[in-house]
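Engineer: have a look at this fold, sequence not included:
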């Protein structure tokens, strides 16, 4: 099992979402480009935030990333507090808020296993794509329960184990690609394989052995967020109920096909893609109380 220190080091060196737009410009331009890309490809996030009716509520966001959703929470009137394991995410949030003059309450570096706030501090705890990267998730659930006010809500996005991205892309397409790359390298074509993503996976296959590497959960973890990703978990409603036993699930929805990894889906009409996203999307949203 990877430690929280391993996870902190990985995400400090690989800020969430940066490779999607590239950090080769000054901060204001980068944040604007990142937000445009994020909400163009994952526009459902804005609708989910609207549903929360955040105005006047005390909100804790666990896992800040590029602080894009943080800014959206503030724009919707939430009194935003942020917590992230990495110094880099804290720095980027402060940089964004200073640049765009977003008012916020606090942003802290720390672990969700020991949330640095008193009991019953928040109306909403929000976490998008973060909690599935924390191995001691039961401890996290207990901490979130502690800092929520009576009747408060936990809103999370977790990777969906019944998604096309997991069932088809990771479990089938990428395994076949990994086998092909491995044997190409064995046959002397290794110098021709220069893509950092491919070379990273080849290094993993050589380190663990191909058959061991192809097994879940190892292969799944190294294929959700890059070949160096220390830990991930995929979820369905049953898994959420088990890992967040202090809560009841009020509602859940599925979004986002992740067409970057299954580009053939772009050939389908938008209506078909929307239908598939709502049934087999990569992002499982749940509201708990």
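Structural biologist: That came in fine, so what should we check first? Everything numeric in this text was worked out from a predicted model, so none of it was measured. Residues are numbered from 1 along each chain as shown.
Engineer: can you pull the buried residues of stretch 179-191?
Structural biologist: In terms of neighbour count (16 or more other Cβ atoms under 10 Å), stretch 179-191 has its buried residues at 181, 182, 185. Quick note: C-beta positions are derived from backbone N, CA and C, even for glycine.
Engineer: the last one contacts residue 192, correct?
Structural biologist: No: with contact taken as Cβ atoms under 8 Å, residue 185 and residue 192 are classed as non-touching, separated by 9.2 Å.
Engineer: the closest residue to residue 213 other than its chain neighbours: which element?
Structural biologist: For residue 213, ignoring the flanking residues on the chain, the nearest one in space by Cβ to Cβ, 6 or more residues apart in numbering is residue 205 at 4.6 Å. Element membership for residue 205, per DSSP states H and E: helix 196-208.
Engineer: contacts for the helix or strand just after that helix?
Structural biologist: Following helix 196-208 in sequence order, the next helix or strand is helix 210-213 (DSSP H and E). The set of residues external to helix 210-213 that reach it, using Cβ atoms under 8 Å, 6 or more residues apart in numbering, is 178, 179, 182, 204, 205, 207, 218, 219, 222.
Engineer: how does it look with 6 Å?
Structural biologist: 182, 204, 205 (Cβ atoms under 6 Å, 6 or more residues apart in numbering).
Engineer: stretch 126-142 now?
Structural biologist: Stretch 126-142 is contacted from outside by 1, 61-63, 69, 112-113, 155-159, 231-233, 243-244, 246, using Cβ under 6 Å, 6+ apart.
Engineer: buried set for that stretch?
Structural biologist: 126-135, 137, 140-141.
Engineer: how long is that stretch from one end to the other?
Structural biologist: 15 Å (Cα to Cα, to the nearest Å).
Engineer: same check on stretch 207-216?
Structural biologist: By Cα to Cα, the extent of stretch 207-216 from end to end equals 16 Å.
Engineer: find the nearest non-adjacent residue to residue 117, please.
Structural biologist: With Cβ to Cβ, 6+ apart as the criterion, residue 117 has its nearest non-adjacent residue at 5.0 Å, and that residue is residue 147.
Engineer: and the pLDDT for that neighbour?
Structural biologist: Residue 147 is assigned a predicted lDDT (pLDDT) of 98.
Engineer: residues in contact with it?
Structural biologist: Going by Cβ under 6 Å, 6+ apart, residue 147 touches 115, 117, 121, 122.
Engineer: and stretch 181-192, how far apart are its ends?
Structural biologist: End-to-end distance of stretch 181-192 (Cα to Cα): 11 Å.
Engineer: where does residue 250 land in three-state SS?
Structural biologist: Three-state assignment for residue 250 (DSSP: H, G, I helix; E, B strand; the rest coil): strand.
Engineer: what is the burial count for it?
Structural biologist: As a burial measure, residue 250 scores 12 neighbours (other Cβ atoms under 10 Å).
Engineer: which stretches in the stretch 51-200 of the chain count as strands?
Structural biologist: Ranges of strands in the stretch 51-200 of the chain, per DSSP state E, counting those that start in this stretch, are 58-62, 79-84, 106-109, 122-128, 148-159.
Engineer: any chance of these in CSV, plus distance to residue 278?
Structural biologist: Output for the strands of the stretch 51-200 of the chain, formatted as CSV (distance: least, Cβ to Cβ, whole Å):
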stretch, distance to residue 278
strand 58-62, 25
strand 79-84, 29
strand 106-109, 34
strand 122-128, 18
strand 148-159, 15
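Engineer: of all the ones you listed, which one is nearest residue 276?
Structural biologist: If you check each of the strands of the stretch 51-200 of the chain against residue 276 by Cβ to Cβ, strand 148-159 wins as the nearest, at 16.5 Å.
Engineer: quick one, the closest one and strand 122-128 angle?
Structural biologist: If you take axes from the mean of the first three to the mean of the last three Cα atoms, to 10 degrees, strand 148-159 sits at 10 degrees to strand 122-128.
Engineer: need the residues that contact the next helix or strand after strand 148-159.
Structural biologist: Using DSSP H and E, the helix or strand that follows strand 148-159 in sequence is helix 164. With Cβ under 6 Å, 6+ apart as the test, helix 164 has contacts from residue 280.
Engineer: coming back round to it: where's the residue nearest to residue 117 relative to residue 187, distance?
Structural biologist: Using Cβ to Cβ, to the nearest Å, one gets 55 Å for the distance from residue 147 to residue 187.
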